[in-house]
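Asker: Give me a 3D structure for the following:
(chains A, B and C)
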Amino acid sequence: MDHHQVLDYCNNMNNNIKYRGGEMERSLSDSGSSGSEEEMMGIRKGPWTEEEDAILANHISFHGEGHWNSLARSAGLKRTGKSCRLRWLNYLRPGVRRGNITLQEQLLILNLHSRWGNRWSKIAQEFPGRTDNEIKNYWRTRVVKQAKQMKCDVNSKEFRDALRFVWIPRLVERIQASSSSHTASPTSFHCYTDATSLSDHSMASGDNDTSSLPPSAEKQATASGIHHLEYSPELQPFEEANADFWTYENICFLQQQLADDS
DNA sequence: AAGGCCTGCAACCGCAGCGTT
DNA sequence: GAACGCTGCGGTTGCAGGCCT
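Answerer: Here you go, the predicted model:
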């Protein structure tokens, strides 16, 4: 990205960013804390301004990433190096994707989390353009919320079974439905659905109990004590699925992950 | 209309690991 | 090998906007 591209990029950012509450000056000296070096230096905290974003992006375009503390100083930003790094990686960096998590991404998040736990940066590596922060937020705001609604711990066997036998199969069903309505390759999902014993009857009907499960899943869910599963609105369709991502290889990968979990 | 509550997300904080001196 | 600084990670918090009463 050369200098002119950065400037264009910054202009676009300025036009597109939706700021909450406008510019917010919140230096430490304003916050009432006292005596810290940061306060003496007038280090700013809180939301970034458009001007700061432009300065940071412009500076990185000339000098590159890294050495964040010295970068912050030389750019004239009254921010910590950590703050600059976070802002760049999570927001300003070219290629960052923001917005709705697709069905495929949801499925992969559930699966990778079951494998790696809260290792968000590692999980995020499987999602080009997504940040660990965004995936972490998704997990906490959607999945943890769902666990709370089910009155069980997110790491409990009960909830993990709910993910495996209810949530994930339902996501797969919806991906199938989305795929078949947008592409002419319904056989793409054949191996996955066969291997997970999913029947053809729809789980997208909004049923709230295990009667909507495939027979094998229903049996296992019942055996696990899951009787009153409820679905959140976020289980309703998100934006159009990313068909390019949903390749035969990815399907088989997920299938293998599911098999490894059992 | 207004006030309180809830939700989602950006950003901060503390800590651990690593490299350098 | 101790001290220091930097970086990256995961947990947590603060707040704007939406929703509800």
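
Asker: Going by C-alpha atoms from here, please, whenever you check contacts or count neighbours.
Answerer: Will do.

Asker: Let me know the helix or strand that the residue in the stretch 51-200 of chain A that DNA strand B sits nearest to is in.
Answerer: The nearest approach of the stretch 51-200 of chain A to DNA strand B comes at A:Ser83, 4.1 Å away (CA to the nearest atom of the strand). Per DSSP states H and E, A:Ser83 falls inside helix A:81-87.

Asker: List the buried residues in that helix.
Answerer: Neighbour counts over helix A:81-87 (16 or more other CA atoms under 10 Å) mark A:81, A:83-85, A:87 as buried.

Asker: now stretch A:144-159
Answerer: For stretch A:144-159, using 16+ other CA under 10 Å, the buried residues are A:144, A:146-147, A:150, A:154, A:158-159.

Asker: and what of stretch A:109-127?
Answerer: For stretch A:109-127, by 16+ other CA under 10 Å, it's A:109-114, A:120, A:123-124.

Asker: As a markdown table, the residues you listed with distance to A:Trp139 and secondary structure would be great.
Answerer: Putting the buried residues of stretch A:109-127 into a markdown table (distance: CA to CA, whole Å; DSSP: H, G, I helix; E, B strand; the rest coil) gives the following:
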| residue | distance to A:Trp139 | secondary structure |
| --- | --- | --- |
| A:Ile109 | 8 | helix |
| A:Leu110 | 8 | helix |
| A:Asn111 | 12 | helix |
| A:Leu112 | 12 | helix |
| A:His113 | 9 | helix |
| A:Ser114 | 12 | helix |
| A:Trp120 | 10 | helix |
| A:Ile123 | 11 | helix |
| A:Ala124 | 12 | helix |
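
Asker: can you put the residues you listed in TSV and add pLDDT?
Answerer: Listed next are those as TSV, based on pLDDT from 0 to 100:
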residue	pLDDT
A:Ile109	85
A:Leu110	84
A:Asn111	83
A:Leu112	85
A:His113	84
A:Ser114	80
A:Trp120	87
A:Ile123	86
A:Ala124	86
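
Asker: what's the most distant pair in these?
Answerer: A:Ser114 and A:Ala124 (14.0 Å; CA to CA).
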